[in-house]
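# let me see the structure of the following:
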Amino acid sequence: MNRLASRLRIGEKIGLGFGLVILIFLGVIVHDQVALARLSADYERLHALYGARQSYAFGIERRLGAIRAAQSAFLTTRDLGAVAQVTREAAALEAKAAGLARLDETSQQAATEIRALVADYLSSFEAVVEAWRVKGLDENSGLQGAFRRTAHELEALAGSLEQTTDFEVAILQLRRREKDYLLRGAPTYVAMVDAILANTAERVMQAPIADPQREALTERLAAYGRDFHALVEQDRRIEVLADAMDVAVGRIRPLVEANLIEARRLMTSMTDAIADSAAARARINLLIALGATLLGALFAVMITSRIVRPVREIAGLLDRMTTETPRERIPTVPGARDEIDAMAASLNVLADHKSTFVNWWRSAMREAVALRDLHSAGEARECVRAATELRLAVDARLASILAVRDGIKRNSAMIQGLVAHLPQSGANLSSADVKRLKEAAAGVSALSQILQAESWGPADRHEGTAPDPTR
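Numbers count the residues shown, from 1 in each chain. The predicted model follows:
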């Protein structure tokens, strides 16, 4: 990590730090926007589903009402145009049911049942229409027309008899009960018609009329009864079919209402679920924002500490160098591009040079003092002590010279290594190589001054003076 940080300049570190913090907060913003988009999509899907269910339900009910109105119009007027209207409205209702089936699984199940009921209704309605065709769409067609012709023939035949009073009264009673049945449809009138027919047939058998007339009248009465019962039976069939048709239609509306109730229940449950999810997402977003803030603060502290800590170390070393010769050095990374690392390296070189000069100056002063004491010593004991001190001073001076030599070797090796890697194509040196060359050249120059100072003459040495370390 330190090596990677040393490859960056201060401005690059600061820019990288701000960039990381910005990226973190951009990530938080993007996460919030994604969460809001998902929440909005959930609400839109919910309202679209509920609204679509309502729309299809109202459409189905409207088509159902139109079907019932067209059905009533046909049953009232026997207009075939109403039959076509029922077919068109049923097709439109099936289209609405197909659209409802595409919403979700629950709607699909309800739509399947609705379409099955519509098919049952159409089948029953077509059977009713066919039954009415058989019965007769008006008084002169179908069973109604045949029955009417039979009734008129019976009336004409009864009127042609010489003694017609009793038969005409019976025929009038018969037609009256027939009309009552056709108007009211009560089964009691059928029984009345049967009783009048039986009584009239018995009176015909006892009446004093010619046999051909008796046979014709009896046959007309039997035809009247047959046609009347055929008409009654057709009415019963129409009634059964109409009941089946009403049952099919009646079962559609509860399905639509149940689908709306399920839609409202689903909307309530989904709204609660979305609200809970939104609250959970809000808590997560808050935690992410807090984490991003802490992470950004951590990055800021890390970058600041990596800038401030070495600056404090440099300041501390400079303070100590004003009053002492410190031995500690500031850690540096070879080949670093950091300006603070370059300052630390330069300060380390300065501290090394100061330590070298101070050590050389101290050893020189020690040697000069030892020589002075040796020349001024009068007794043998003082001569021995001065000679011992001089030897120690010379050893210290030698150690300093050896240290200078080692420094010259290191800087020379650095220069030779850089020269060996100089580009042969005439390209420019890198900034790191130039920096290393400058440092090596400065080190060689400083050490050369020390060696030059070591070359002061024997006369100066015997005089006990030492050269100025700054010369």
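# longest helix anywhere in the protein?
helix 211-323 (DSSP state H).
# the helices in the stretch 51-200 of the chain, which residues?
Using DSSP state H, counting those that start in this stretch, the helices assigned to the stretch 51-200 of the chain run over residues 80-101, 105-135, 142-159, 165-184, 187-206.
# for the nearest residue to I238 once chain neighbours are set aside, give me the pLDDT.
For I238, ignoring the flanking residues on the chain, the nearest one in space by CB to CB, 6 or more residues apart in numbering is A131 at 4.7 Å. All C-beta atoms are positioned from the backbone trio N, CA, C, and that covers glycine. Listed pLDDT for A131 reads 88.
# is it true that A131 touches L241?
Yes. Using CB atoms under 8 Å, A131 is in contact with L241, at 6.1 Å.
# and E389, how many residues sit next to it?
Neighbour count of E389, defined by other CB atoms under 10 Å: 17.
# pLDDT averaged over the one helix or strand it maps to - what is it?
Assigned by DSSP states H and E, E389 belongs to helix 380-420. In this model, helix 380-420 carries a mean pLDDT of 73.
# of all the helices of the stretch 51-200 of the chain, which one is nearest V404?
helix 105-135 (92.3 Å; CB to CB).
# any buried residues in that closest one, and which?
106-107, 110-111, 114-115, 117-118, 120-122, 124-125, 127-129, 131-132, 134-135 (16 or more other CB atoms under 10 Å).
# if you count contacts, what does that helix end up packed against?
Counting contacts by 3 or more CB pairs under 8 Å, 6 or more residues apart in numbering; DSSP states H and E, helix 105-135 packs against helix 10-77, helix 80-101, helix 142-159, helix 211-323.
# mind doing that once more with 6 Å?
When contacts are defined as 3 or more CB pairs under 6 Å, 6 or more residues apart in numbering; DSSP states H and E, helix 105-135 sits against helix 80-101, helix 142-159, helix 211-323.
# which neighbouring elements make contact with the last one?
Going back to what we said before, that points to helix 211-323. Using 3+ CB pairs under 6 Å, 6+ apart as the contact test, the elements touching helix 211-323 are helix 10-77, helix 105-135, helix 142-159, helix 187-206, helix 339-376.
# now render those as a markdown table, adding distance to E233.
A markdown table is the format used below for these (distance: least, CB to CB, whole Å):
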| stretch | distance to E233 |
| --- | --- |
| helix 10-77 | 18 |
| helix 105-135 | 10 |
| helix 142-159 | 9 |
| helix 187-206 | 10 |
| helix 339-376 | 113 |
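# out of these, nearest to A278?
helix 10-77 (5.4 Å).
# now do that closest one, average pLDDT.
Averaging pLDDT along helix 10-77 yields 79.
# check the offset of it from the chain's centre.
The chain centre lies 11 Å from the centre of helix 10-77; the measure is CA atoms, centre = their mean, to the nearest Å.
# and stretch 340-354, by the same measure?
What separates the centre of stretch 340-354 from the centre of its chain is 57 Å, taken as CA atoms, centre = their mean.
# same deal with stretch 407-415?
Counting by CA atoms, centre = their mean, stretch 407-415 is centred 65 Å from the centre of its parent chain.
# hmm, back to that, from the contact counts, what lies against the helix holding E389?
Under the contact definition 3+ CB pairs under 6 Å, 6+ apart, helix 380-420 sits against helix 339-376, helix 431-454.
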